[in-house]
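Chemist: sequence and computational prediction follow.
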Amino acid sequence: MPASTTPEPGEAGHAASPAGWQQLLSALASHRLRELYAAVVLGQQPELTPKERSRLVGSGLVREEDGRLVANEDVFKAALANARRPQPSGPERFLVDGRIESLPRRASDRLKVLHYVRDRIIGPGQTLTEKEVNSRLADFTDDIPMLRRALVDYRCLAREADGSAYRRAQPK
């Protein structure tokens, strides 16, 4: 088989596709197919109907090699590797690779993101210079002035009148 082609189900090297986990679980849900798969894993060549053979091969559990059925040892690794990653919740869902591309439109979500950032850049009772704030905000965004202004405007940070120092704003 040329290196540039994708193996078809049943060919050596076939692994579960990203959507293949459903076929994999469907095959394993059948008591009969589990028995047949177990026999193949143990090196046996059980008698299968054409439909059973098609489901086992199509699911990626087994492949045909030189006319024999062989257990596909990589099928579970492939299914796990292609499994959907859990989606972040809370304010983290608005960050892309830990960074803010833009603030959420909804004010309540925007405030949650700003509190999230504030809690990570400055502790209670801490005072930072503008340079220190900018340095810490750089971990979250390329638009440092926008994020710094939003933190002040939404009363997450309090700024000295001359802009020389920042601290957490006191809740009202």
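Modeler: Received, thanks.
Chemist: only C-alpha atoms for contact and neighbour calcs from this point on.
Modeler: Will do.
Chemist: tell me where the model's unsure across the protein.
Modeler: Along the chain, segments meeting pLDDT under 70 span 1-20, 172.
Chemist: which residues in it form strands?
Modeler: Along the chain, counting by DSSP state E, strands occupy 62-65, 68-71, 95-96, 99-100, 127-129, 157-159, 165-168.
Chemist: mind listing what's buried in stretch 159-172?
Modeler: Using 16 or more other CA atoms under 10 Å as the test for burial, stretch 159-172 gives 159, 165-169.
Chemist: let me have the residues you listed in CSV, extended by distance to Gly60.
Modeler: Listed next are the buried residues of stretch 159-172 as CSV, based on distance: CA to CA, whole Å:
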residue, distance to Gly60
Arg159, 61
Ala165, 61
Tyr166, 59
Arg167, 58
Arg168, 56
Ala169, 58
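Chemist: just those residues now: which is nearest Ala38?
Modeler: The shortest approach to Ala38 among the buried residues of stretch 159-172 belongs to Arg168, at 61.8 Å (CA to CA).
Chemist: who's the closest one bridged to?
Modeler: Beta-bridge partners for Arg168, by DSSP bridges, are Leu157.
Chemist: touching, it and Glu160? I think so.
Modeler: No: with contact defined as CA atoms under 8 Å, Arg168 does not reach Glu160; the gap is 11.3 Å.
Chemist: re the thing from before, nearest to Asn82, out of the buried residues of stretch 159-172: which one, please.
Modeler: Checking these against Asn82 with CA to CA, the nearest one is Arg168 at 42.7 Å.
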